[in-house]
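Asker: Using only what follows, build the 3D model:
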Amino acid sequence: MRTETGKIRAFIAIELPDAVKEFLEDISSKLKQCRADVNWVRPERIHLTLKFLGSVSTDLIPIIQERLLPVFSGQRPISLQVARLGAFPGLARPRVIWAGLDDPDRSVGGLASSLEQVLEPLGFKPEKRPFRSHLTLGRVRSNRNSGELMETVRQFMDISGPSFVADHAVLFESVLKPSGAEYFAISRFVFAQS
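Answerer: Below is the predicted model of the structure:
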């Protein structure tokens, strides 16, 4: 975990079960047929980000863990379902291709808000944009074949994928490599058991 500079890139996320990753891999393979200029996320690296922390001093990690523990230990498991495809900021000028998550109780947004509150006193700026539960499938690098890609996204826009129960969250370290980012779990936080 320790780097020469004493800092790591870190984020907090919910891991996905294998059935969800397999479903997303199938959807991504259909989108890849457009041969658009997209940096596709490998299925094993897809997760539901709750809070991106950025560059963090390793000395701060134990304090972050201490702040996160009561938030997650008080959180009930969350029922989610993969639903919808879309693009940020929109289909007209896509930058990120995503799969959405149905969260009927809006529990994930509430959890993300709680994380913002406990982490802000440690110097982590709150996100200005409203939280939207999504799974990043790929990042668009240029306009090459983007029209065809958006047509395909429209065809699959109303997808309905697997349901799952999120029962824990993870504080991850993100290590940037030429082959892409690799993620290493620093801490797992189990939600309250019913």
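Asker: quick one, strands of the chain?
Answerer: In the chain, the strands defined using DSSP state E lie at 7-14, 38-40, 48-57, 78-88, 96-102, 134-140, 160-166, 168-177, 180-190.
Asker: Let's have these in CSV, adding mean neighbour count.
Answerer: (C-beta placed from N, C-alpha, C; glycine too.) Shown next, in CSV, are these (neighbours: other Cβ atoms under 10 Å):
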stretch, mean neighbour count
strand 7-14, 20
strand 38-40, 16
strand 48-57, 18
strand 78-88, 19
strand 96-102, 20
strand 134-140, 19
strand 160-166, 17
strand 168-177, 17
strand 180-190, 14
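Asker: mind checking how far F11 is from K51?
Answerer: 7 Å (Cβ to Cβ, to the nearest Å).
Asker: now do K32
Answerer: Using Cβ to Cβ, K32 is found at 29 Å from K51.
Asker: And for L80?
Answerer: Taking Cβ to Cβ, one finds L80 at 17 Å from K51.
Asker: Let me know the angle separating the lengthiest helix in the chain from strand 96-102.
Answerer: Longest helix in the chain by number of residues (criterion: DSSP state H): helix 18-32. Compare the direction of helix 18-32 with that of strand 96-102 by axes from the mean of the first three to the mean of the last three Cα atoms, to 10 degrees and you get 140 degrees.
Asker: I am finished for the moment; much appreciated.
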